[in-house]
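A.B. asks: fold the following.
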Amino acid sequence: MELQKMNGHSRDDGFDGLESMAERDEFLPHKGGGRKETHFTDFEGKTSFGMSIFNLSNAIMGSGILGLAFAMSNTGIILFLILLLFIAILSAYSIHLLLRSAGVVGIRAYEQLGNRAFGGPGKLLAACIITVHNIGAMSSYLFIVKSELPLVIQAFLGKYENTGEWFLEGNYLIIIVSAAIILPLAVMKQLGYLGYTSGFSLSCMVFFLISVIYKKFNIPCPLPAKHVNMTEIAKDFTNGTDDFCEPKMFTINSQTAYTIPILAFAFVCHPEVLPIYTELRNATKKRMQTVANISVLAMFTMYLLTALFGYLTFHGAVESELLHTYSQVDPLDTLILCVRLAVLVAVTLTVPVVLFPIRRAIMQILFPDKPFHWVRHICIAICLIAIVNLLVIFVPSIRDIFGLIGATSAPSLIFILPGIFYIRIVPEEQEPLLSRPKIQAACFAALGFIFMVMSLSFIVIDWVTGEARSGSGH
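C.D. replies: Below is the predicted model:
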């Protein structure tokens, strides 16, 4: 796997023997009779390799995919490809740091790595960042359900406007979806069981991708004059020139600076990595790194193709939410309605996967030494879903709050925490402080601080100037 080589995880790094010993001694110690002893009493590593890939890919896949075509329109094809590849490699390298740290100490929980690195404050910090980020992600998914599901139902019923029936009310619909679909999946004992729903969710997004590619060859450029709104948008971008339908290879404008944060948020899956690692059958660091590399590569491919064909369809007229751009062309297009429904199914089935790490973080903080108990397991899921529903129902617009959360939690989870955990946890006898791997990890964490400052700066500028943010995060 090329990503595995590019992120520095190769067999010549001098530590494979040590890592193998650590994993045998720490992760899978054997007692008499060859019986395996696990570190966690609630998970025992029964999930297959394929299901683990589905779960991690589903954790990576976020609503941000809908904004990638817009990001490409603000960077050009070549620059977007470079940035996307750069972020994908960094994400795989970040997972390598997490797995390497876990392999040294025999711990497969993000919060416990924080505890090992910095004691109680580190454990609390990691748990809080995971909780805040994933609640924000769950809320963003349910906001999509709240806004899109009534429109889809309305279109399938042939209604041109919302006539006020209860089944066209978004607040009622998210409660029904949460109770009927999300909660039953969220109360499952093991994350591995969600591999089937994750696979179906990914299938929905593959359908979305195929539809985007198909539409590229069915929507002319420039758009027909009958599409008044989109034609006016196209005119705004042409500025009287005839090169509107010519794809740009490199583009720099006021929105280009948002691209890196958008792409970084699109690859956030790190809270789910260690829980998935825990449940992986025949778990080793190398096996889990392969799961991560395949998942990152699959999402890199989907992201690139979605952005490319979405951009080549609308060029400069593409909006920050790709499906909305299609709806502007033809609001009653049956294929686009089906795609919107598929995206709704995909984000709905992603919510339980995102919930598992939050519950695990809460368990690590409040009940660290308690064995698995169904009542506690179910109650935490119900409370988390209720909190997210209340946020989505009563907060009319929390885009800026999500932006603030994403600008701080995403760089922390991808860059800062894996880097500093690695530096603190890996013993100096194995890797001195000034060794190449630790210097790389330090630079990686520093890059995260730069991303955080940059993202926060963009948000503050938006607040001050009143400009609209370019797109959503993960």
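
A.B. asks: now Thr284: how far from Met188?
C.D. replies: Thr284 is 25 Å from Met188, where distance means Cβ to Cβ, to the nearest Å. C-betas here are computed from N, CA, C, even on glycine.

A.B. asks: look at the two and report which has more neighbours.
C.D. replies: Neighbours were counted for Thr284 and for Met188 using other Cβ atoms under 10 Å; Thr284 has more, 18 against 15.

A.B. asks: from Phe49, how far off is that one?
C.D. replies: Distance from Thr284 to Phe49, by Cβ to Cβ: 11 Å.

A.B. asks: tell me the mean pLDDT over the helix or strand Ala102 falls within?
C.D. replies: For Ala102, the host element (DSSP states H and E) is helix 77-105. Mean pLDDT, helix 77-105: 88.

A.B. asks: that helix: what's the following helix or strand?
C.D. replies: Counting by DSSP H and E, the element after helix 77-105 in chain order, helix or strand, is helix 110-156.

A.B. asks: now do that next one against helix 77-105, angle only.
C.D. replies: Per axes from the mean of the first three to the mean of the last three Cα atoms, to 10 degrees, the angle that helix 110-156 makes with helix 77-105 is 140 degrees.

A.B. asks: what sits against Gly114?
C.D. replies: 122-127, 417, 421 (Cβ atoms under 8 Å, 6 or more residues apart in numbering).

A.B. asks: residue boundaries of the helices in the stretch 351-474 of the chain?
C.D. replies: For the stretch 351-474 of the chain, the helices defined by DSSP state H, counting those that start in this stretch cover 374-394, 399-411, 417-425, 436-465.

A.B. asks: avg pLDDT for the shortest one?
C.D. replies: Spelled out, that is helix 417-425. For helix 417-425, mean pLDDT is 91.

A.B. asks: what does it contact?
C.D. replies: Applying Cβ under 8 Å, 6+ apart, the contact partners of helix 417-425 are 94-95, 97-98, 100-101, 104-105, 110, 113-114, 116-118, 126, 129, 270, 433, 437-438, 441-442, 444-446, 448.

A.B. asks: could you check the angle that helix makes with helix 77-105?
C.D. replies: Using the same axes, to 10 degrees: helix 417-425 against helix 77-105 is 30 degrees.

A.B. asks: convert the C-alpha atoms of helix 417-425 to PDB, please.
C.D. replies: Listed next in PDB are the C-alpha coordinates belonging to helix 417-425 (Å, rounded to 0.1, in the frame of the first residue of the first chain):
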ATOM      1  CA  LEU A 417      -2.900  14.900  20.100                       C
ATOM      2  CA  PRO A 418      -1.500  12.000  18.000                       C
ATOM      3  CA  GLY A 419       1.800  13.900  17.700                       C
ATOM      4  CA  ILE A 420       2.200  14.800  21.300                       C
ATOM      5  CA  PHE A 421       1.000  11.400  22.500                       C
ATOM      6  CA  TYR A 422       3.600   9.800  20.400                       C
ATOM      7  CA  ILE A 423       6.400  12.000  21.800                       C
ATOM      8  CA  ARG A 424       5.300  11.400  25.400                       C
ATOM      9  CA  ILE A 425       4.500   7.700  25.200                       C
END
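
A.B. asks: the helices of the stretch 351-474 of the chain: lowest mean pLDDT?
C.D. replies: Mean pLDDT is lowest for helix 399-411 out of those, coming in at a mean of 70.

A.B. asks: any idea how far the spatially most central residue of the chain is from Ser198?
C.D. replies: Geometric centre of the chain, nearest residue: Ile60, 3.6 Å, by Cα atoms, centre = their mean. Per Cβ to Cβ, Ile60 is found 11 Å from Ser198.

A.B. asks: go on, Leu263?
C.D. replies: The spacing between Leu263 and Ser198, counted by Cβ to Cβ, is 22 Å.

A.B. asks: kindly report the same for Ala410.
C.D. replies: From Ala410 to Ser198 the distance is 21 Å (Cβ to Cβ).

A.B. asks: and for Phe250?
C.D. replies: Counting by Cβ to Cβ - Phe250 and Ser198 are separated by 36 Å.

A.B. asks: neighbour count for those two, which is higher?
C.D. replies: More neighbours surround Ser198 than the other of Phe250 and Ser198, with 27 against 12 (other Cβ under 10 Å).

A.B. asks: my read is that that one contacts Ser57, right?
C.D. replies: Yes: judged on Cβ atoms under 8 Å, Ser198 makes contact with Ser57 at a distance of 7.1 Å.

A.B. asks: can I assume Ile260 is in contact with Ile450?
C.D. replies: No: with contact defined as Cβ under 8 Å, Ile260 does not reach Ile450; the gap is 9.9 Å.

A.B. asks: the two: who's more crowded?
C.D. replies: Legend: neighbour count by other Cβ under 10 Å for Ile260 and Ile450, higher for Ile260 (18 against 12).

A.B. asks: that one: what's it in contact with?
C.D. replies: Ile260 neighbours (Cβ under 8 Å, 6+ apart): 83, 87, 451, 454.

A.B. asks: how close does the second one get to Tyr193?
C.D. replies: If I follow you right, that is Ile87. In terms of Cβ to Cβ, Ile87 sits 30 Å off from Tyr193.

A.B. asks: with Arg376 instead?
C.D. replies: Distance from Arg376 to Tyr193, by Cβ to Cβ: 18 Å.

A.B. asks: joint contacts of Thr284 and Phe49?
C.D. replies: Common neighbours of Thr284 and Phe49, using Cβ under 8 Å, 6+ apart, do not exist here.

A.B. asks: so, low pLDDT: which residues of the stretch 101-250 of the chain?
C.D. replies: For the stretch 101-250 of the chain, the stretches with pLDDT under 70 are 159-163, 192, 222-244.
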